[in-house]
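[1] Below are the sequence and a predicted model; questions follow.
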Amino acid sequence: MSQFSQGVGATFGKVAVLMGGDSTEREVSLMSGAGVLQALLSKGVDAHAFDPAERDLSDLKREGFARCFIALHGRLGEGGAVQGALELLGIPYTGSGVMASSIAMDKVMTKRIWISEGIPTPRYALLRQGAFDRRQVIEVPDALGLPVIVKPAHEGSSFGVTKVVGYSGMAEAVESAGQLDSDILCEQCIEGDEVTCPVLGSGDSAQALPVIRIVAPDGNYDYQNKYFTDTTQYLVPCGLPEGEEAQIQNIVLAAYRTLGCRGWARADVMIDATTRQPYLLEINTSPGMTSHSLVPMSAKSAGIDYPTLCVEILSHATRDYAFDNNAQTHAHTVTTAL
């Protein structure tokens, strides 16, 4: 872990905690941001709340913010757009860069890359608005089997997700997902243990934190059970058979590095009950930091408390193109000479 996490009141300059925003996950983002803000303040960081839905991002530069902790969720917060704006403003930020953020927000593109690299992920079919008919919808279970998971390709927090158990449910599930996204992901349903695994750091130094096993009521880990009930069980230590936790951590690290993620993230995994094969579902490059969130829970089991975790994440804030002013001046001079 970074040496920053060992000190109180580390000097980061003026820090903006980006929270809220305009996505469907605004409510969750406000909860995450409030927790991060209080944690950073408790560590002596000069932290301030900043809601991009209410203020222009250019205010960050004008008001002298030195770095940003991104506690935004959803495609408008973690899908690469905010990261690109911060790149242009020259302000370091937490989490993955523009490309990795954009790819990870796109569940289909993520799958394509993982499949090309031999990383296990459930089989899928993509339906695009205006490019499929009723017959093609009904044929999805023929290809993937039943049950089948239907969800928007660019949403998080289980918005618009349906577990379809019969052919008659396909049309309604596709319509529900289609209200949130023009791309609809239909995915092979893996029945078995549901787990999640956070990662901290970047490149070869990235570390997987303890795996959490999730036991939701009736196996339904939806938006309500994620954030607003206390009936879901989170088991850490996970209690998986010997060797499985290490196997999952290795797969998650490979998935994280393959997409070029950095700073922190959390990957969701299903373990086939029969074969015990783990399958990567998706990776979240701006995970929740609420009282029910899983990254703080896993970190706590590894001996990292919530405020220390926030400072650790902040210490990794950077940019895709974080070269110094001299390098920029030199590049401008060379370009002008040419």
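    That came through fine.
[2] Pull the number of nearby residues for residue 11.
    When neighbours are counted by other CB atoms under 10 Å, residue 11 registers 10. Just so you know, the C-beta spots here come from the backbone N, C-alpha and C atoms, and that holds for glycine as well.
[3] Can you read off the pLDDT for it?
    Model confidence at residue 11, given as pLDDT, is 81.
[4] Give me the three-state assignment for it.
    coil (DSSP: H, G, I helix; E, B strand; the rest coil).
[5] Distance of the one residue sitting closest to the centre of the chain relative to residue 23?
    Geometric centre of the chain, nearest residue: residue 284, 1.4 Å, by CA atoms, centre = their mean. Between residue 284 and residue 23 the distance is 13 Å, computed by CB to CB, to the nearest Å.
[6] circling back: now the residue nearest to the centre of the chain, nearest residue through space, not along the chain?
    Counting by CB to CB, 6 or more residues apart in numbering, residue 284 lies nearest to residue 266, which is 4.9 Å off, once chain neighbours are set aside.
[7] ok, the one you found touching residue 299?
    No. Using CB atoms under 8 Å, residue 266 makes no contact with residue 299, being 10.7 Å away.
[8] what residues are shared contacts of those two?
    residue 198 (CB atoms under 8 Å, 6 or more residues apart in numbering).
[9] State the helix or strand in which the residue nearest to residue 284 lies.
    strand 264-272 (DSSP states H and E).
[10] which strands and helices sit next to the host helix or strand of residue 246?
    Secondary structure assigned from DSSP H and E places residue 246 in helix 244-258. Counting contacts by 3 or more CB pairs under 8 Å, 6 or more residues apart in numbering; DSSP states H and E, helix 244-258 is packed against helix 107-116, strand 192-200, strand 207-208, strand 264-272, strand 278-284.
[11] Partner strands of the fourth one and their direction?
    If you go by DSSP bridges, strand 264-272 pairs up with strand 192-200 (antiparallel), strand 278-284 (antiparallel).
[12] Mind checking the ones you listed for the one nearest to residue 181?
    Taking CB to CB, strand 278-284 is the member of these nearest to residue 181, at 13.9 Å.
[13] From the contact counts, what lies against the longest helix anywhere in the chain?
    If you go by DSSP state H, the chain has its longest helix at helix 26-42. On a contact count with 3+ CB pairs under 8 Å, 6+ apart, helix 26-42 meets strand 14-18, strand 46-50, helix 306-315.
[14] what's next to the second one, contact-wise?
    In other words, strand 46-50. Against strand 46-50 from outside (CB under 8 Å, 6+ apart): 12-19, 33-34, 36-37, 40-41, 59-60, 65, 68-69.
[15] residues near the residue lying closest to residue 105 once chain neighbours are set aside, how many?
    Nearest residue to residue 105, sequence neighbours excluded (CB to CB, 6+ apart): residue 79, at 3.8 Å. Look at residue 79: counted by other CB under 10 Å, it has 23 neighbours.
[16] Next, the angle helix 107-116 makes with the helix holding residue 246.
    Interaxial angle of helix 244-258 relative to helix 107-116 (axes from the mean of the first three to the mean of the last three CA atoms, to 10 degrees): 110 degrees.
[17] which parts of helix 244-258 are buried?
    Neighbour counts over helix 244-258 (16 or more other CB atoms under 10 Å) mark 244, 245, 247, 248, 249, 251, 252, 253, 255, 256, 257, 258 as buried.
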